[in-house]
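> Next come a sequence and a model predicted from it.
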Amino acid sequence: MTDAEIFAAIKADSQNAEYTSRNIPPIYQVNPQAEILIISQAPSKKVQETQIFWNDQSGDRLRKWMNLSREEFYHTDKIAVLPLDFYFPGKGLHGDLPPRRGFAEKWHAPLLELMPNIQLTLLIGAYAQKFYLQQRAQRNLTETVRHYQEYLPQYFPIVHPSPLNYGWFKKNPWFEEQVVPDLQQRVAKIMKN
């Protein structure tokens, strides 16, 4: 299937009827030239409203961690984005609701087939890490991120850059001191090629 065919099938899927009926398209980006893949939980409300992925405070921090400008991030064929759910799932008590079950299982595989050149996959947050690492994940997100080198070169697990994780950033300064510089080097090497 082509990207256009998959996009149409996602919109036509009864699981997404509520969104399609409100003219809300699925939010993801695939490109056959992509070399960096970003997998996270789901678009934020702002992202869904603007139809621009990572167009919020979380995206600002993610670009900082990757050492990429907005121009570099949005205007390159090297970056692809596949959330576990392509629609904003709604608000919960402590942030956004989790991605819907069964969504990534249905749509990620055919979209990944369209991107044979992926060199580095960022697994952002616990949902993405549990889905892709499964039994290989550590006992919690902090330990999975702390042991990120065990998943390289295929996967690079990181914490979600949400402002709601401010407390985690304060408790775990090693992340920005040690992990982020490694991420920046790997991203820079791919972007230069």
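In hand now; what should we look at?
> Return the helix or strand in the chain with minimum mean pLDDT.
strand 95-96 (a mean of 80; mean pLDDT, DSSP states H and E).
> now the very next helix or strand once past that strand: how far from the chain's centre is it?
Per DSSP states H and E, the first helix or strand lying C-terminal to strand 95-96 is helix 103-112. Counting by C-alpha atoms, centre = their mean, to the nearest Å, helix 103-112 is centred 13 Å from the centre of its parent chain.
> export helix 103-112 as CSV, just CAs?
Taking Å, rounded to 0.1, in the frame of the first residue of the first chain, the C-alpha atoms of helix 103-112 are listed here in CSV:
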residue,chain,number,x,y,z
PHE,A,103,-4.2,1.5,16.9
ALA,A,104,-0.4,1.2,16.5
GLU,A,105,-0.8,-2.6,16.0
LYS,A,106,-3.0,-1.9,13.0
TRP,A,107,-1.2,1.0,11.3
HIS,A,108,2.5,1.1,12.2
ALA,A,109,3.7,-2.0,10.3
PRO,A,110,2.4,-0.9,6.9
LEU,A,111,3.8,2.6,7.4
LEU,A,112,7.2,1.3,8.6
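> Any chance you could list what contacts whatever helix or strand comes next after that helix?
Remark: after helix 103-112, the chain's next helix or strand is strand 120-124, criterion DSSP H and E. Under the criterion C-beta atoms under 8 Å, 6 or more residues apart in numbering, residues 35-41, 62, 129, 132-133, 151, 153-161, 183, 186-187, 190 lie in contact with strand 120-124. Every residue, glycine included, has its C-beta placed from N, CA and C.
> Show me those residues that map onto helices.
62, 129, 132-133, 183, 186-187, 190 (DSSP state H).
> right, and the helix or strand after the helix or strand Lys170 falls within?
Assigned by DSSP H and E, Lys170 belongs to helix 166-171. Counting by DSSP H and E, the element after helix 166-171 in chain order, helix or strand, is helix 174.
> who's in contact with that following helix?
With contacts defined as C-beta under 8 Å, 6+ apart, helix 174 is touched by Arg146.
> picking that back up, could you give me the ChimeraX syntax to select whichever of the ones in helices among the contacts of strand 120-124 are buried?
Of those, the buried ones go into a single ChimeraX selection, burial set by 16 or more other C-beta atoms under 10 Å:
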select :62,129,132,133,183,186,187,190
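> From the ones in helices among the contacts of strand 120-124, pick the one nearest Gly102.
Ranked by distance to Gly102 (C-beta to C-beta), the ones in helices among the contacts of strand 120-124 are led by Tyr132 at 15.6 Å.
> Let me see the contact set for the closest one.
With C-beta under 8 Å, 6+ apart, Tyr132 has these contacts: 39, 121, 123, 155.
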